[in-house]
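Student: no FASTA, just this:
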């Protein structure tokens, strides 16, 4: 157990729907990062939050949004889902916003049908 | 733009042999590099890191080599075991607008042949 908790582990939904993925960072970590990993692909950075504020943005679609709450857990919202959104979504946390000491969760596998 | 890439998408190694996984990066300003291991169905797991002021760092059965001249990073695994079978990612970090930007490579799949 890495200490980073992601729920749900698996999610199957239809095109056009909206889903919310949840991440609880490791205790003491202030920064949360979201990554998308498509089949046999690398990790694509989506967005980073640090202590409740958006810190950096990557290749995140406008249909996607995220937030970090006062208790530091984060949610990634995916709307108007398309087949191509099927992927593994990973959350990572680190103590600071410096991108060091990354710890990844076990991911949420999203399947859009 | 900047990118981190891997030379070999799949590497097959006999159990007991040494493995070498390579990574090329293009951002000469990157100052910190990390190797991650991702087993099937799991999230990436930190293996070893190295700062740009070093050219070699050793861990338990793993060694990372950094050649800044040619912007090349490698991960060496000694006496490869079946449990080493996984996808290995390199990552580079660089300062971007005052924040550290982390860029991951595509990954190399290591297959250990018993």
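Tutor: Looks like it came in fine. Here the structure is a predicted model, which is why all the values come from computation and not from measurement.

Student: hang on, residue B:51 packs against residue B:32?
Tutor: Yes. In terms of C-beta atoms under 8 Å, residue B:51 counts as a neighbour of residue B:32; the distance is 5.5 Å. All C-beta spots, glycine's among them, are computed from the backbone N, C-alpha and C.

Student: these two: who's more crowded?
Tutor: In this comparison of residue B:51 against residue B:32, neighbours counted by other C-beta atoms under 10 Å in any protein chain shown, the higher total goes to residue B:32 at 19 against 11.

Student: ok, and the closest non-adjacent residue to that one?
Tutor: If the residues on either side of it in the chain are set aside, residue B:32 comes closest to residue B:93, at 4.4 Å by C-beta to C-beta, 6 or more residues apart in numbering or on different chains.

Student: please identify which helix or strand holds the one you found.
Tutor: strand B:86-96 (DSSP states H and E).

Student: downstream neighbour of that strand in the secondary structure list?
Tutor: Toward the C-terminus from strand B:86-96 - assigned by DSSP H and E - lies strand B:99-104.

Student: show me what whatever helix or strand comes next after that next one is packed up against.
Tutor: For strand B:99-104, the following helix or strand on the C-terminal side (DSSP H and E) is strand B:108-113. Based on contacts counted as 3 or more C-beta pairs under 8 Å, 6 or more residues apart in numbering or on different chains; DSSP states H and E, the elements that strand B:108-113 packs against are strand B:10-14, strand B:19-25, strand B:86-96.

Student: can I get those strands in TSV including mean pLDDT?
Tutor: Conversion of those to TSV gives the following (pLDDT from 0 to 100):
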stretch	mean pLDDT
strand B:10-14	94
strand B:19-25	94
strand B:86-96	87
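
Student: OK, contacts around the closest residue to residue A:106 other than its chain neighbours?
Tutor: Setting aside the residues directly before and after it, residue A:106 is nearest to residue B:43 in space (C-beta to C-beta, 6+ apart), at 4.9 Å. Contacts were defined as C-beta atoms under 8 Å, 6 or more residues apart in numbering or on different chains; by that measure residue B:43 touches A:2, A:4, A:90, A:92, A:104-107.
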